[in-house]
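Undergrad: Sequence plus predicted model, see below.
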Amino acid sequence: MTHRYWCDECGHRTPRLDAADAERRLLEHYAAHHPEVAPGGQVETGRGLGGCACLGLTALLLLLAVVVAAYRH
């Protein structure tokens with residue numbers, strides 16, 4: 001499962017990461033940009049595809065390109 005944290009102060013959001021890494025990134029953001037404010041915000045959770053969606057889409061587009069090239073000849 002992936003997590004993305006949103007900063008309440010400025011709308012900054014972390015990348016989709018595992019819970020510990022996303023929380024660490026939010027804390028680092030608050031320390032650097034809002035040092036006198038207690039960290040807060042919202043968390044967005046998702047299943048996370050781990051890059052498989054991009055790989056699948058790339059493979060599909062490559063297959064489509066091969067089919068189109070084959071029919072053009």
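TA: Happy to help now that I have it.

Undergrad: What is the least confident helix or strand in the protein?
TA: Using mean pLDDT, DSSP states H and E, helix 52-72 stands out as the lowest-scoring helix or strand of the chain, at a mean of 85.

Undergrad: Going by neighbour count, list what's buried in that one.
TA: Of the residues in helix 52-72, none count as buried by neighbour count, 16 or more other CB atoms under 10 Å. C-beta: built from backbone N, CA, C; applies to glycine.

Undergrad: Kindly report the same for stretch 19-34.
TA: By 16+ other CB under 10 Å, the buried positions in stretch 19-34 come out as Ala22, Glu23, Arg25, Leu26, His29, Tyr30, His34.

Undergrad: The third one contacts Arg16, correct?
TA: Think Arg25. No. Contact between Arg25 and Arg16 fails when scored by CB atoms under 8 Å: they sit 10.7 Å apart.

Undergrad: Leaving aside the residues adjacent along the chain, what's closest to Gly40?
TA: Of all residues not flanking Gly40 in the chain, Asp8 sits nearest, at 4.6 Å (CB to CB, 6 or more residues apart in numbering).

Undergrad: Pull the contacting residues for the one you found.
TA: Neighbouring residues of Asp8 by CB atoms under 8 Å, 6 or more residues apart in numbering: Gly40, Gly41, Gln42.

Undergrad: Give me the buried subset of those residues.
TA: So, by 16+ other CB under 10 Å, the buried ones in these are Gly41.

Undergrad: among the contacts of Asp8, which are in strands?
TA: Gly41, Gln42 (DSSP state E).

Undergrad: Stretch 37-45 spans what distance, first to last residue?
TA: 24 Å (CA to CA, to the nearest Å).

Undergrad: And the contacts of it?
TA: With CB under 8 Å, 6+ apart, stretch 37-45 has contacts from 1-9, 13, 22, 26-27, 30.

Undergrad: Which single one of those residues is nearest to Ala59?
TA: Thr2 (22.1 Å; CB to CB).
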